[in-house]
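Enquirer: I need the structure of the sequence given here:
(one chain, ligands or ions: 2)
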Amino acid sequence: MDRFDVAAEMIQAAGEVLRRCHLEQAEVRQKTGHQDLVTFWDKKIEQQLRHAILTAFPQDSIVGEEYPPEESCGGKVTWYLDPIDGTTNFINQHRNYAISVGCWAGDTPLFGMVLDVERRELYWAKHGGGAWLDQSPIHVSRCRDITEMLLTTPGLQYTFLERHPHQEQLIRLARRVRAVRCLGSVALELCEVAAGRADMFVTMRSSPWDHNAARIILEEAGGAVFTMDGGHLPLNQKSTVLALNAVELKDHIFCV
Ligand code: 2AM
Ligand code: CA
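Expert: Ligands and ions are numbered 1, 2, ... in the order given. Prediction:
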């Protein structure tokens, strides 16, 4: 099996585990505070994914949310894993959470997969092969009028309410768009833009495991990703993220 097939098999097996699990109160822990949580299942699933990858490709590197990076022994392929993206949704709703698996050769994308676990929907893209939702091709929206756009952002608090250098710009943008939606999962929200159900996405907080799978899917669907400053989105650092349904939109969204 090649890396894509290993990823497809392991992500579906992990989804099955999460759909069947019953989360106990004692399995939830705070990381940096009461709005940043981790569960027994985040760790369990990441262990399961790491084991599947390293069994098949022991030379590969792994960057995942819950454990220190697994350094490569000579290979140049890196996997970016988020075992549960949208942990708060997993805890409070048991829906609207994803497993995110991105695979890169240095800074060249190989493929990205995002499983919407409870809907049993797999978003995926191979570099140069278009973007897909299960067997159907997906594409970003054609909308170019900002007043008709849906803006999605995972966290109302940290996008609009906390002080940060882009706060005023974002509040102005929120007044111009048709509506703002908060789903609570970076990976699923980037896929919403890829599938044309939202037109743009912003977050003030994202990590490589949150966005390095879905960014491949979004770019293959015709969209573009940047930092909030309009710069290149880094592969290996925490960053702000701005995602658009068209690269040209970047020069227009903050000009009012
Ligand atoms: P997570 O569920 O894997 O933690 C909404 O919280 C979205 O923002 C989720 O995709 C979440 O990923 C992500 N996120 C990134 N950094 C975060 C942070 N410091 N606190 C809360 N959510 C964070
Ligand atoms: Ca996570």
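Enquirer: Tally up the residues packed near residue 119, please.
Expert: By the criterion of other Cβ atoms under 10 Å, residue 119 has 11 neighbours. All C-beta spots, glycine's among them, are computed from the backbone N, C-alpha and C.
Enquirer: Then residue 74?
Expert: 5.
Enquirer: Ok, residue 75 next?
Expert: 12.
Enquirer: who touches the residue lying closest to residue 205 once chain neighbours are set aside in this structure?
Expert: Nearest residue to residue 205, sequence neighbours excluded (Cβ to Cβ, 6 or more residues apart in numbering): residue 158, at 5.8 Å. Each residue near residue 158 by Cβ atoms under 8 Å, 6 or more residues apart in numbering is listed here: 164, 203-205.
Enquirer: Out of the residues you listed, name the two that are farthest from one another.
Expert: Of all pairs drawn from the contacts of residue 158, the one with the longest distance (Cβ to Cβ) is 164 and 203, at 11.1 Å.
Enquirer: Which one's more surrounded, the two?
Expert: Remark: of residue 164 and residue 203, residue 203 carries more neighbours, 22 against 16, as counted by other Cβ under 10 Å.
Enquirer: Make sure the more buried one is indeed in a helix.
Expert: No: using DSSP: H, G, I helix; E, B strand; the rest coil, the secondary structure at residue 203 is strand, not a helix.
Enquirer: dump the residue contacts of it.
Expert: So residue 203 contacts 153-155, 158-159, 186, 189, 240-241 (Cβ under 8 Å, 6+ apart).
Enquirer: Just the buried residues out of those, in PyMOL syntax.
Expert: Burial among the contacts of residue 203 is assessed by 16 or more other Cβ atoms under 10 Å; the matching PyMOL selection reads:
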select buried, resi 153+154+155+159+186+189+240+241
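Enquirer: Next step: the contacts of residue 203 restricted to strands.
Expert: Here DSSP state E is the test, and those give 240-241 as lying in strands.
Enquirer: The contacts of residue 203 in helices, which ones?
Expert: When those are checked against helices (DSSP state H), the matches are 186, 189.
Enquirer: from the contacts of residue 203, which is closest to residue 79?
Expert: residue 186 (17.2 Å).
Enquirer: need the contact list for the closest one.
Expert: Residue 186 makes contacts with 85, 154, 203, 206, 210-211, 214, 241, as judged by Cβ under 8 Å, 6+ apart.
Enquirer: what's the distance between the most centrally placed residue in the chain and residue 231?
Expert: Residue closest to the average C-alpha location in the chain (Cα atoms, centre = their mean): residue 187, at 2.1 Å. Residue 187 is 21 Å from residue 231, where distance means Cβ to Cβ, to the nearest Å.
Enquirer: Okay then, goodbye and thanks.
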